[in-house]
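# Prediction below, plus the sequence it came from.
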Amino acid sequence: MDISNIPIKNRKDEHILLVSKENVESHTTTWLEHIKFVHNTLPELNMDDVDLSCKFLGKSISAPLIIGAMTGGTELTKKINISLAKAAQKYRIPMMVGSQRVILRHPETKGTFAAVRESAPDVPIVGNIGIAQVATSENFDYVEELITNISADALAIHLNVIQEVIQPEGDKIFSGAIKKVKALKEQYNIPIVIKETGCGISREVAQQLVEIGVDIIDVSGVGGTSWVAVEYYRAKKQGIKSKMDLGKLFWDWGIPTAASIIEVSSMVNNTSKIKIIGSGGIRDGIDIAKALRLGAHFAAMARPFLMVALEGQESIYQFIEKILRELRITMLLTGSKDIGELIKTPIVIESSLKNWIKQRNIEIK
């Protein structure tokens, strides 16, 4: 899918172009490289014995892999969403859609999201709205439209405060968001996912989310795509120096993914039934295995899926098969026949991550 000659008419398409063409990666790593599995040279397993299957939102899925939230709202993003949804259906993995806020202002864009459910009728699909929208809402009647639009199995509320304050047209009001999320959850009988967008979630925030009863936390830590970087390039294109300066300053702001998973799991796994999604710079099957071992129940990837989607349908299939093969081999080499055994396999934690855990007084099992 060649997008180099596609006219950019709005922010959604501009984001796709920038994420696919510019260097928008964080300069800080995920810190997953500081996790070392203890190799099991006698696993007493065959490759075919390794079982990746699990459940997400009550539905059986083939592996703890999720196509992360990306986009929607334009003809270009519709094509991308359809390609990814077909892959989600084929491999029985969940998919999150990008922010659906656009359909509230432009109902004609509903089809760009609805096409996801049409192409993936049997797998979990997660809707999406921003925290700024929730914080400023007088009521949540509009949420029904978002859910119905894709027959959503859950609704994600994305936390993108840093992106909003840097982008030229961003929102600036976020107070009262926690009470609003609680009110939204009480109004609708649907699981609520709270997801960051590249800055990570701390255990203090996780505690607040436990108290209001959210169902899933997607940590989305530092180490992958920096949405501050994306807004830096948008500001650069528009010649807004003040926003460019902010973009440079906050490019790597946040908690690295490995640390964020540990932060959240230290609070969540001992106190509630909340599930954790490890995301933010997850790039291969070993990363997924490490995220699960640190306390995540699933792992999500976004930019890697976008890049292969732009190459074509077959590239998406090949990418998923590659990731699942890498995860299966990692599990074999740790003697883990299933996810339950993987999360108990011995690890060694090194360097900056070890220091973080010590200073934050967190215990790792």
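Perfect, thanks for sending it.

# what sits opposite Gly127 in the beta ladder?
Leu155 (DSSP bridges).

# doesn't Ala156 make contact with it?
Yes - look at Gly127 against Ala156 with Cβ atoms under 8 Å: they come within range, at 6.6 Å. Every residue, glycine included, has its C-beta placed from N, CA and C.

# Tell me how many other residues crowd Gln187.
Neighbour count for Gln187, taken as other Cβ atoms under 10 Å: 13.

# Any figure for the gap between the spatially closest residue to it that is not a sequence neighbour and Ile147?
Once flanking residues are discounted, Gln187 sits nearest to Phe140: 5.4 Å by Cβ to Cβ, 6 or more residues apart in numbering. Distance, Phe140 to Ile147, by Cβ to Cβ, to the nearest Å: 11 Å.

# Show me the common contact partners of the two, please.
Common neighbours of Phe140 and Ile147 (criterion: Cβ atoms under 8 Å, 6 or more residues apart in numbering): Tyr188.

# residues in contact with stretch 30-44?
Applying Cβ under 8 Å, 6+ apart, the set of residues contacting stretch 30-44 from outside is 221-224, 256-259, 280-282, 287, 289-291, 293-294, 330, 332-335, 345-354, 356.

# does the residue nearest to Gln187 count as helix, strand or coil?
Following DSSP: H, G, I helix; E, B strand; the rest coil, the label given to Phe140 is coil.

# The one 4 residues further on too?
Applying three-state DSSP to Glu144 yields a three-state assignment of helix.

# Contact partners for it?
Contacts of Glu144 by Cβ under 8 Å, 6+ apart are Tyr188.

# If you count contacts, what does the helix or strand encompassing Val308 end up packed against?
Assessed by DSSP states H and E, Val308 sits inside helix 303-311. In terms of contacts (3 or more Cβ pairs under 8 Å, 6 or more residues apart in numbering; DSSP states H and E), helix 303-311 is packed against helix 11-21, helix 75-91, helix 313-333.

# Just checking the distance from it to the centre of its chain.
When distances are taken as Cα atoms, centre = their mean, to the nearest Å, helix 303-311 is centred 15 Å away from the chain's centroid.

# buried stuff in that helix?
For helix 303-311, a neighbour-count test (16 or more other Cβ atoms under 10 Å) marks Arg303, Pro304, Phe305, Leu306, Val308, Ala309, Leu310 as buried.

# Okay then, goodbye and thanks.
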